[in-house]
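Undergrad: I would like the atomic coordinates for the input below:
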Amino acid sequence: MRVYPECLPCFLNQIVKTAKVAGLSREDTISIERKVAKFLYKDLKPELSPGYNATFVHRIFKKESKVEDPFKNLKDKYNSIALKLEPILYEEFYLKAENRLAVAVKLAALGNVIDFAVPTSFDLEREIKDFFKTPFAYYDEAIFERFLVSGKSVLYLADNAGEIVFDKFLIRELKERGLKVVLAVRGAPVLNDATLEDALKVKIDEVVDDIVDSGSDVIGIDLKGAPKAFKEAWDKAFFVISKGQANFETLDEVYEKDIFFILKAKCNPVARELRCNKGELIFLYNKHLLEIREKDEGG
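TA: Just a heads-up that it's a prediction; the model follows:
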């Protein structure tokens with residue numbers, strides 16, 4: 001995916017939101033915005049993904065603010081809320097389901113959708129119930145089931161803190177079907193993305209076979225710059241599950257690997273790339289996406 005014109009104001013808005021979370025002053029926020037604007041003017045690489053470019057935006061923030069992990073407190077809060085919801089979701093939705101695989105996929109998608117800042121459990125429960133009534137723009141469960149071969153390895157690319165608790169349901173389902181699951185997290189703090197620290201806090205290490213990291217604070221997946229352990233897990237994987245927008249942005253044109261994307265299309269550029277509407281839910285096989293794009297382009 002390439003940078004869209006709408007991405008540039010979004011980069012600056014990310015700085016405003018991050019500065020607010022970090023408690024920066026008006027003057028410091030504007031100072032960092034000016035440096036980011038200079039980067040956008042001189043060094044932006046519009047032929048590369050929004051995630052790739054946003055990485056440098058957030059590195060500027062960390063350097064200038066001297067705040068290495070501005071979202072740490074929020075990530076801890078998200079993890080805590082999600083852990084409290086986990087047994088409720090397990091009892092009320094997963095165990096009662098006729099098709100547990102379908103529910104596990106939907107719970108993984110729910111993690112990419114839910115607003116963890118909602119103040120009361122009542123509102124959260126209502127949000128969850130409403131979510132299960134929401135249709136997916138693409139739902140490639142039939143294709144997905146053909147890849148569930150016992151003994152094969154899956155690389156599961158995590159997205160945000162809190163969200164990784166909801167990934168446990170799908171990971172357990174894969175494990176029950178005899179697959180080996182390797183979880184990949186960010187190698188360093190950026191935004192509210194899950195790191196190894198977050199993975200250990202929610203005890204997802206007790207569910208997966210192994211955990212690797214991306215080696216850095218790159219937003220999304222940098223296959224060329226990834227460390228050896230990540231590349232080995234990528235090469236050995238029978239298929240990949242990719243959670244969230246940033247991972248999609250950096251992998252949407254990778255077709256030599258079988259990838260299943262699970263996300264909510266949260267902005268217009270991503271929705272355009274997916275040929276869906278903003279706000280729609282996605283469970284999409286990358287070769288299916290290729291077919292859609294080729295048909296759309298008259299190929």
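
Undergrad: could you pull out the strands for the stretch 151-299 of the chain?
TA: Here the stretch 151-299 of the chain has its strands, by DSSP state E, counting those that start in this stretch, at 153-157, 180-185, 210-213, 239-243, 259-264, 281-285.

Undergrad: Could you export the second one as PDB, CA atoms only?
TA: It refers to strand 180-185. Coordinates of the C-alpha atoms in strand 180-185 are reproduced here as PDB (Å, rounded to 0.1, in the frame of the first residue of the first chain):
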ATOM      1  CA  LYS A 180       2.000 -24.900  15.700                       C
ATOM      2  CA  VAL A 181       1.600 -21.200  16.400                       C
ATOM      3  CA  VAL A 182       4.400 -18.600  16.600                       C
ATOM      4  CA  LEU A 183       3.300 -15.200  17.700                       C
ATOM      5  CA  ALA A 184       5.100 -12.100  16.400                       C
ATOM      6  CA  VAL A 185       5.100  -8.800  18.400                       C
END
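
Undergrad: Which other helices and strands does it contact?
TA: strand 153-157, helix 163-176, helix 196-201, strand 210-213, helix 228-236 (3 or more CB pairs under 8 Å, 6 or more residues apart in numbering; DSSP states H and E). C-beta coordinates here come from the backbone N, C-alpha and C atoms, glycine included.

Undergrad: For the second one, C-alpha coordinates in PDB please.
TA: Extracted in PDB, the C-alpha atoms of helix 163-176 (Å, rounded to 0.1, in the frame of the first residue of the first chain):
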ATOM      1  CA  GLU A 163      -6.300  -6.900  21.500                       C
ATOM      2  CA  ILE A 164      -3.900  -9.800  21.900                       C
ATOM      3  CA  VAL A 165      -6.100 -11.200  24.700                       C
ATOM      4  CA  PHE A 166      -8.800 -11.700  22.100                       C
ATOM      5  CA  ASP A 167      -6.300 -13.400  19.800                       C
ATOM      6  CA  LYS A 168      -6.000 -16.200  22.300                       C
ATOM      7  CA  PHE A 169      -9.400 -17.700  21.200                       C
ATOM      8  CA  LEU A 170      -8.200 -18.200  17.600                       C
ATOM      9  CA  ILE A 171      -4.800 -19.300  18.600                       C
ATOM     10  CA  ARG A 172      -6.300 -22.000  20.900                       C
ATOM     11  CA  GLU A 173      -8.500 -23.100  18.100                       C
ATOM     12  CA  LEU A 174      -5.500 -23.500  15.800                       C
ATOM     13  CA  LYS A 175      -3.700 -25.400  18.500                       C
ATOM     14  CA  GLU A 176      -6.600 -27.800  19.000                       C
END
